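# Provided below are the primary sequence and the corresponding predicted coordinates.
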2 protein chains.
Amino acid sequence: MTHDAPNLDEFLCFAIHSTARAINRAAKPLLDELGLTYPQYLVMVVLWAEDDQTVGQIGEKLFLESSTLTPLLKRLEQAGYVRRARDAADERLVRVRLTETGRALGHRSDCTSKLLRKVLQGNEVRELRDRVVSLRERVRAAERDDALPTD
Amino acid sequence: MTHDAPNLDEFLCFAIHSTARAINRAAKPLLDELGLTYPQYLVMVVLWAEDDQTVGQIGEKLFLESSTLTPLLKRLEQAGYVRRARDAADERLVRVRLTETGRALGHRSDCTSKLLRKVLQGNEVRELRDRVVSLRERVRAAERDDALPTD
DNA sequence: GTCGATTACATCGTGCGCGATATATAAATG
DNA sequence: CATTTATATATCGCGCACGATGTAATCGAC
């Protein structure tokens, strides 16, 4: 190398970035069976845990903006998995509710995602997950403060 | 929750996915100064380490397809950071070379990315990075085998 | 109650990321 | 040498992801 350029392999951010994409690719065949993309699946997971949430609530849990969620939710609606409707009491809110089909998908996914969970949710990776989450929160905090902690 | 739906917080894949996006967001102000997106920055890192590589070589290092790289490289070319030219000996290959401006950017980036590296390249995260990389390779191997190892 | 500020969502434009497919060159096979 | 096969890149379509902006409903101050 011609000068002291940063080496790709040293970047934790590249490690995480590339791992996220690798997981996405690996999960695709499983999600194809459900007719969902990975971000759509995440939204469904949120709704399976608690039905009838607003766009904002879903976005808060997944760290997504309405500009991402609105079209995604429209696709989920078109697929027949959710219904979107303005809240009667506060017309600004859009409540997202599972259809029967969408709810039923949750049970199917319990089976089809076992494979994924075997690799990505087992005991042996719990610590790794916690560390990644704590890194995420560190990064998010640093972004908010606009001054990264020296630690 | 109405039934035993998978909980979002338990997914390592979500942890990694969301962390990757958090890093991306945090890095953006720094990369804006360089006039680069994060994927463009990664390509530049590859070229700063070794100039004059083919599209395929770059893709191999970043795990990216030509369908992603070709338009990205065209944007880098339009920005004046690289030049693309067919290899004289093998006209199938496209060789990507840094311009003077592109090479110079590497020195500026040594300064501007210090902040990023402080969080993401320090000693304290080396082990985490290694674990994430090893997870990535496990996932990639599992995808290739189309049968995930039970370990 | 009226008006300005806030909130919640939608829209738009840009750039990935990737599967499917196309194209052109090169290598291999006969 | 002609024809198949393989390789390298490009093109296309779709779905995120997000910043910037728009719009409508609600809240607050008065």
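Structure received.
# okay, stretch A:20-27 in CSV with CA atoms only?
Output of stretch A:20-27 as CSV, limited to C-alpha atoms (Å, rounded to 0.1, in the frame of the first residue of the first chain):
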residue,chain,number,x,y,z
ALA,A,20,-25.9,-7.3,8.3
ARG,A,21,-26.0,-7.8,4.6
ALA,A,22,-24.8,-11.4,4.9
ILE,A,23,-27.6,-12.1,7.3
ASN,A,24,-30.1,-10.5,5.0
ARG,A,25,-29.0,-12.6,2.1
ALA,A,26,-29.1,-15.8,4.2
ALA,A,27,-32.5,-15.0,5.6
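# Look up how far residue B:129 lies from the closest residue to residue A:81 other than its chain neighbours.
Nearest non-adjacent residue to residue A:81, counting by C-beta to C-beta, 6 or more residues apart in numbering or on different chains: residue A:102, 3.6 Å away. Every C-beta, even on glycine, is put in place using the N, C-alpha and C of the backbone. Remark: distance between residue A:102 and residue B:129 (C-beta to C-beta, to the nearest Å) = 38 Å.
# same deal with residue A:49?
31 Å.
# and stretch A:98-109, which residues are buried?
A:98, A:102-103, A:105-106, A:109 (16 or more other C-beta atoms under 10 Å in any protein chain shown).
# One more: stretch A:35-47?
Buried residues in stretch A:35-47 (16+ other C-beta under 10 Å): A:36-47.
# Dump the residues you listed to a markdown table, plus pLDDT, distance to DNA strand D and secondary structure.
Compiled in a markdown table, these are given as follows (pLDDT from 0 to 100; distance: C-beta to the nearest atom of the strand, whole Å; DSSP: H, G, I helix; E, B strand; the rest coil):
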| residue | pLDDT | distance to DNA strand D | secondary structure |
| --- | --- | --- | --- |
| A:36 | 94 | 8 | coil |
| A:37 | 95 | 4 | coil |
| A:38 | 94 | 7 | helix |
| A:39 | 96 | 3 | helix |
| A:40 | 97 | 5 | helix |
| A:41 | 94 | 9 | helix |
| A:42 | 94 | 7 | helix |
| A:43 | 96 | 8 | helix |
| A:44 | 95 | 11 | helix |
| A:45 | 93 | 13 | helix |
| A:46 | 95 | 12 | helix |
| A:47 | 96 | 15 | helix |
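# Burial check on residue A:31, number of neighbours?
Neighbour count for residue A:31, taken as other C-beta atoms under 10 Å in any protein chain shown: 18.
# For it, which non-adjacent residue is spatially closest?
Closest to residue A:31 by C-beta to C-beta, 6+ apart is residue A:41, at 5.6 Å.
# give me every residue that touches residue A:53.
Residues near residue A:53 by C-beta atoms under 8 Å, 6 or more residues apart in numbering or on different chains: A:46-47, A:95-96.
# can we see that at 6 Å?
residue A:96 (C-beta atoms under 6 Å, 6 or more residues apart in numbering or on different chains).
# same question, residue A:72
Neighbours of residue A:72 in contact, by C-beta under 6 Å, 6+ apart: none.
# Please, which helix or strand holds it?
helix A:66-78 (DSSP states H and E).
# average model confidence for that helix?
For helix A:66-78, mean pLDDT rounds to 98.
# swap in stretch A:51-63?
On average, stretch A:51-63 scores 97.
# just the helices in chain A please.
Assigned by DSSP state H, the helices in chain A fall at A:12-34, A:38-49, A:55-62, A:66-78, A:100-112, A:114-120, A:126-145.
# All good on my end, thank you.
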